[in-house]
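> Provide a 3D model corresponding to the input given below.
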Amino acid sequence: MIRYALRRLAYSVPMLFGLASLVFVLLNALPNDIAERRAGEEASPEAIAAIRADLGLDRPLTERYWEWVTAVLTGDFGVSWHNGQSVLTGIVQTAPITLSMVVLSLVVALVIGVPIGALAATRGGLADRGLVGATVVAMAVPNFWLALVLVLFFALSMGWFPATGYVDLSASPGEWLRHLVLPVAAVATVSISVIARQTRSAMLENLGRDYVRTLRAAGVDERSVVYKHVLKNAATPVLTTFGIQFVALSGGSIIVEQVFAVPGLGQHTLTALARGDVPVVLGILVLTAAAVVVINLAVDLMNAAVNPKVRL
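Residues are numbered from 1 along each chain as shown. Below is the predicted model of the structure:
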């Protein structure tokens, strides 16, 4: 298992480095001059040149890239061009909010999606057709539209949940959960559908295999066949889907945070983009990519633990 983990890690590090380099080049090759935007339309060429020099934009791209890489390797992501705050500090303040929403959404998606998929695979008939139809509809609904509907009905009309805002977990666990119910529902709906469909598909595939017929012929209890053997063997594609959904939920939370005015990493990213705050955007993208690599590595290790043949 250790050898397998090291092999996967060896693949991930060059990919992360290449992605970080690509993001740096693309952000620093934007057609709109950041200095001109910060100086304003009435600024003189001298004022624009002074801002470019202050931000280091007058230096060659290769020199800036090398300085950035060496700093990042020591854990220094620079400071914001807007307010001088450490990039890492801003991320640490906002990332836990988004992470709590994403983790809750993943838990909800697993707790609801896996049983629904298993039920559809084992019962068939109306339950199966209903799942397929419901997932098609759920996957077609944009999460920002669903978020608006949830706000209108459950917050403004019924008054059951807050329409906007966020309360820290340490301040009030109950209010923290109340403020996250609607955002999580908006973000998790598609993931529930994806995981349910993947669970159904994987279980149907395994239910038709020879080992299931052998177990049934040997008189093994049907519940044991389904939940001890079939569901375990269907776990590999479901776990892979779990890793993919982490990435999808992280991206989908950006728009949902805007709807519910949640001060998370998504809102922080959009604000930095609007201001042309390149160091902040770079730091967020690189650390997000690193998180995705770590999650995918963890999923690979879980798959290897469940199915030893994956390690080969």
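> measure how buried residue 171 is and give me the count.
8 (other C-beta atoms under 10 Å). Using the backbone N, CA and C atoms, a C-beta is placed for each residue, glycine as well.
> phi and psi next, for it.
phi -80, psi -40 (degrees, to the nearest 10).
> let's have the chain start at 35 instead
Happy to do that; since the first residue is 35 now, the last one works out to residue 205.
> and the helices in the chain, which stretches?
36-62, 68-73, 79-89, 95-107, 121-157, 159-174, 177-184, 207-241, 244-251, 256-258, 265-267, 269-294, 299-309, 312-340 (DSSP state H).
> mind checking these for the one nearest to residue 194?
helix 207-241 (8.4 Å; C-beta to C-beta).
> other SSEs contacting that closest one?
Counting contacts by 3 or more C-beta pairs under 8 Å, 6 or more residues apart in numbering; DSSP states H and E, helix 207-241 packs against helix 121-157, helix 159-174, helix 177-184, helix 265-267, helix 269-294.
> out of those helices, which comes closest to residue 201?
Of these, the one closest to residue 201 (C-beta to C-beta) turns out to be helix 121-157, at 10.3 Å.
> what residues of the closest one count as buried?
121, 124-125, 128-129, 131-132, 134-136, 138-140, 142-144, 146-148, 150-156 (16 or more other C-beta atoms under 10 Å).
> what's the answer for stretch 297-316, then?
Buried-residue list, stretch 297-316, by 16+ other C-beta under 10 Å: 298-303, 305-306, 309-316.
> tell me the mean pLDDT for that stretch?
Taken as a whole, stretch 297-316 carries a mean pLDDT of 83.
> what's the end-to-end length of that stretch?
By C-alpha to C-alpha, to the nearest Å, the extent of stretch 297-316 from end to end equals 19 Å.
> roughly how far out does that stretch sit from the chain middle?
Taking C-alpha atoms, centre = their mean, to the nearest Å, one finds the center of stretch 297-316 at 16 Å from the center of the full chain.
> please apply the same query to stretch 320-330.
9 Å.
> what sits up against it?
Under the contact criterion C-beta atoms under 8 Å, 6 or more residues apart in numbering, stretch 320-330 has outside partners 46, 49-50, 53-54, 57, 106, 111, 125, 129, 277, 280-281, 284, 299.
> change it to 7 Å
46, 50, 53-54, 57, 106, 125, 277, 280-281, 284 (C-beta atoms under 7 Å, 6 or more residues apart in numbering).
> what's around residue 80, how many residues?
The number of residues near residue 80, taken as other C-beta under 10 Å, comes to 9.
> mean pLDDT added to the helices and strands packed on helix 207-241, as CSV?
Converted to CSV, those look like this (pLDDT from 0 to 100):
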stretch, mean pLDDT
helix 121-157, 85
helix 159-174, 76
helix 177-184, 84
helix 265-267, 74
helix 269-294, 78
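> out of the ones you listed, the one nearest residue 191 is which?
Across the helices and strands packed on helix 207-241, closest to residue 191 is helix 177-184 (C-beta to C-beta), at 10.5 Å.
> what does the closest one contact?
Contacts of helix 177-184 (C-beta under 7 Å, 6+ apart): 216, 219-221, 223-224, 286, 289-290, 293-294.
> 10 Å instead?
172, 175-176, 190, 195, 197, 215-217, 219-224, 283, 286-294 (C-beta atoms under 10 Å, 6 or more residues apart in numbering).
> from those residues, keep the buried residues only.
Going by neighbour count (16+ other C-beta under 10 Å), those have 172, 195, 197, 215-217, 219-224, 283, 286-291, 293-294 buried.
> next up, the contacts around the residue nearest to the spatial centre of the chain.
Nearest to the mean C-alpha position of the chain, counting by C-alpha atoms, centre = their mean, stands residue 284 at 2.4 Å. Shown here is residue 284, whose contacts under the criterion C-beta under 10 Å, 6+ apart are 132-133, 135-136, 139, 221, 299-300, 322, 325-326, 329.
> format those residues as CSV; extra columns: distance to residue 266.
Conversion of the contacts of residue 284 to CSV gives the following (distance: C-beta to C-beta, whole Å):
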residue, distance to residue 266
132, 32
133, 29
135, 30
136, 26
139, 25
221, 28
299, 35
300, 36
322, 32
325, 28
326, 26
329, 22
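> picking up where we left off before, any chance of the helices of the chain in CSV, with distance to residue 201 too?
Formatted as CSV, these follow (distance: least, C-beta to C-beta, whole Å):
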stretch, distance to residue 201
helix 36-62, 33
helix 68-73, 34
helix 79-89, 37
helix 95-107, 33
helix 121-157, 10
helix 159-174, 28
helix 177-184, 18
helix 207-241, 4
helix 244-251, 48
helix 256-258, 42
helix 265-267, 37
helix 269-294, 12
helix 299-309, 16
helix 312-340, 23
